[in-house]
Every structure is written in C-alpha cells, then in structure tokens.
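[1] Turn this into a model:
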Amino acid sequence: MKKVLTIVAYIFLILLAIITVFPFIYMILAGLMTFREATSIPPTLIPASFQWQNYTEVFSKAPFLQYFINTVAVSAITTIATLITSLLAAFALTSLNFKFKGVVIAIMISLLMVPYESIIFTNYNTISKMGLLNSYPALIIPFLTSIFYIYYLNTYLRSISSTFYKAAKIDGASDLEYIRKILIPMSKPALVTVGILTFISSWNSFLWPLLVTNEKKYRLLNNGLSAFTTESGNDVHLQLAAATLTVIPILIIYLVFRKEIIRGVAKNGLKG
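    Presented below is the predicted three-dimensional model:
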C-alpha cells in the first residue's frame, strides 16, 4: 500500500511539474516561430525552423535595450533601498526599546491587510503633486521600503539571541557597527531572500510604471511588450520572444539563489 501511495504521489508531482513548466517552454518555442505558426489553431508545438531573427526584430521594432537598462536600474535601486530600510526598521523593532513599540507593530500588521490597489491612486496623486511624473524617481520612491519585509525581518531577527547585541554594546560598539559586523552576517539568508523577492517584484512591475510614465524612455520591460501591439493585431511571435528575454534573467537569478531563498524562508518559519 505504501508503494502504491508513493507511486501516485510521484505521478501527481510529475503532472504538476509539467503543468507548471509547459507555459514557459511553449513561450520559448513560440518566440522562435513564424507569425502563422504562433497563431495557428490547433497550436503548433514545435516550429518547423527556428526563427532566431525574431530576437533581432524585437530590438529593431522597440527600444528594448532602453527598457532593459531602465528595469535593471530601477530594480537594483529599489532592492538596495528596501534592504537598508527594512533591516534598520526591523533592528529597531527587535533590539531597541521605545514608547508605543507595540502600537507601531500593531499598525504595521494592520497595514499588511491593506491591498496595494487601494493606495495606488493615493501614491499617484502624491507623485503628481511633487511634479515627478515621467521621471525615474516616480518609479522608485513609492518602493523604497516595504512593511511586509520589515515584519518578515523582524520575525527573523527575533531568532537571534539578544546576548549578541548586549555583548556588542558592552564592548563599545555602536548600533551601526553591531548591524554591520554581527547582524548582517547572521541574517544573510533572510536578507538574500528579501533582496531577491524585491528585485523580482520590481522587475515584474507593470501597473505603476504605466500610470506614472507616458514616454518610452522611462518605460520598463513589461510595459515594452505593448510595443508589439498594433491596430491590425498583435505580433504574437515577437511578443513571446520579448517575454522570453524578460523572464530569462529572473529564472537565472532564482536558480542561482534558490537554496538561499529556501533556507531563509525555512528558518523564519521554524524559529519565528
């Protein structure tokens, strides 16, 4: 009976893996098809000949290189800022004593329940009144920190004994020295997890850049996919080729750092 359950479990996992991976594989293959093959019904699964020129056409039809540079810059700045602000805030909530600390934590938890869509127009009005529409700061400022990652790091840092902080203070270390020399090395898995997830979220951003930018030179990769939509229809094969270029960097980052992500999440779940 145990063998049968094991076999069924493996079959179930294989089916789920196929369902999950198939759209990515098809996206890559369709990006190498002709327009007719990409739009045929029933769908063509394997192109008759690989159309590598689709990728050249992607860059010639839209300023895709500019979109890529914008996305890398915005994602990198957002990730670094989120790591710094989230770590400092989490350290304050974990190690420092101040009035209304419990109230601050309660407010943070309540704000986690507020959906992003309900505040996006408030953020838009704020950016508009600051005169920052159609600019790089408009893409960055609202995402310089994250309440979710502050709470996540706060939970993670609680697993680190307060003895380290007390010993560092006795030795005359400042709070910043303690953070730099002790806290960061000890919380590396959580910081890597926060950094990667923040980078991926920023990389995949679509709605906010669409709201605050009107000029192509400020657009990000996901917004650039609309460049292959015309009044006569969509260049589906080019859209899928561009989508492949958009997804591949994220897949590489995930595959390189997947162990750190799992380690950070697992430790947080066990000791938080």
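[2] hey, where'd the strands end up in the stretch 101-250 of the chain?
    For the stretch 101-250 of the chain, the strands defined by DSSP state E, counting those that start in this stretch cover 229-230, 233-234.
[3] what about Asn97, which SS state?
    Assigned by DSSP: H, G, I helix; E, B strand; the rest coil, the conformation of Asn97 is coil.
[4] Going by neighbour count, which residues of the lengthiest helix in the chain are buried?
    Counting by DSSP state H, the longest helix found in the chain is helix 236-271. Residues of helix 236-271 classed as buried: 236-247, 249, 253, 257, 260-261, 263-265, 267-268 (neighbour count, 16 or more other Cβ atoms under 10 Å). C-betas here are computed from N, CA, C, even on glycine.
[5] Can you spell out which helices and strands pack onto it?
    Helices and strands touching helix 236-271, by 3 or more Cβ pairs under 8 Å, 6 or more residues apart in numbering; DSSP states H and E, are helix 2-30, helix 35-38, helix 53-61, helix 64-95, helix 147-157, helix 188-203, helix 221-224.
[6] Out of those helices, which gets nearest to Ile107?
    Closest to Ile107 of the helices and strands packed on helix 236-271, according to Cβ to Cβ: helix 147-157, at 9.2 Å.
[7] what about the protein, any weak spots by pLDDT?
    230-233, 264-272 (pLDDT under 70).
[8] if we go to 50?
    Low-confidence segments of the chain (pLDDT under 50): 231-232, 270-272.
[9] Can you verify my assumption that Glu37 contacts Ala48?
    Yes: Glu37 is within contact range of Ala48, at 7.0 Å (criterion: Cβ atoms under 8 Å).
[10] ok, the two, which is more surrounded?
    Glu37 (20 against 9; other Cβ atoms under 10 Å).
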